[in-house]
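J.: sequence? don't have it. structure:
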């Protein structure tokens, strides 16, 4: 069952990817597959909401990739081998890995790493921890998510990824809607105090930034 569904899932991920993310998806994915097979798929019972090689951009413009990202709760799952991440790690690699973790935190996501040996020898314990995490994060996020429309949630998530003020044309691109319909979504988000004008002194609003409490709607 897993093997067949995984192949379908992976092919769909590749079809939707371009550029460096597609390159990542065409590399050896042994670690990502083991993470999915041993822990994530048994807990979730499906691949819904999962994204492989999820792309983020650091504050310095460097693209980083999360092994498996669970979008509904903003969880970044990683499979880390001992040799690459500990035994033979270089100073440059060590610095890069710290930057990756900071970038994930900057986006407001939860970083949940597993070691290869854990997945190999203690898969049941790993699954238990994921069950607990899903239960805890679902209970805190559920009521907040229900307050928003699908369009409002998508705009918030897109704004968080941009790492800069959100423009009207960005929201139009995100929602694939015309200006009038998109502006209505932005107005509702302002009314809910989830976004605010970037330059409040101007009469026409061209850019928006996230309010501090907006992140809880995306976790």
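T.: Here it is on my side, so go on. Here the structure is a predicted model, which means the values were calculated and not measured.
J.: count of neighbours near residue 195?
T.: Neighbours of residue 195 under the rule other CB atoms under 10 Å: 25. For glycine as for every other residue, the C-beta is placed from the backbone atoms N, C-alpha and C.
J.: right, and it touches residue 211 too?
T.: Yes: using CB atoms under 8 Å, residue 195 is in contact with residue 211, at 6.2 Å.
J.: what's the following helix or strand after the lowest-mean-pLDDT helix or strand in the chain?
T.: Using mean pLDDT, DSSP states H and E, the weakest-scoring helix or strand in the chain turns out to be helix 82, at a mean of 45. Tracing the chain past helix 82, the next element assigned as helix or strand by DSSP states H and E is helix 91-106.
J.: model confidence over that next one, on average?
T.: For helix 91-106, mean pLDDT is 78.
J.: run the angle between the next helix or strand along the chain from that helix and helix 91-106 for me.
T.: Counting by DSSP H and E, the element after helix 91-106 in chain order, helix or strand, is strand 110-115. Interaxial angle of strand 110-115 relative to helix 91-106 (axes from the mean of the first three to the mean of the last three CA atoms, to 10 degrees): 140 degrees.
J.: the helices in the chain, which residues?
T.: 2-16, 19-25, 30-35, 41-44, 82, 91-106, 116-121, 123-146, 150-162, 168-175, 179-191 (DSSP state H).
J.: which one of those has the lowest average pLDDT?
T.: Among the helices of the chain, helix 82 has the lowest mean pLDDT, at a mean of 45.
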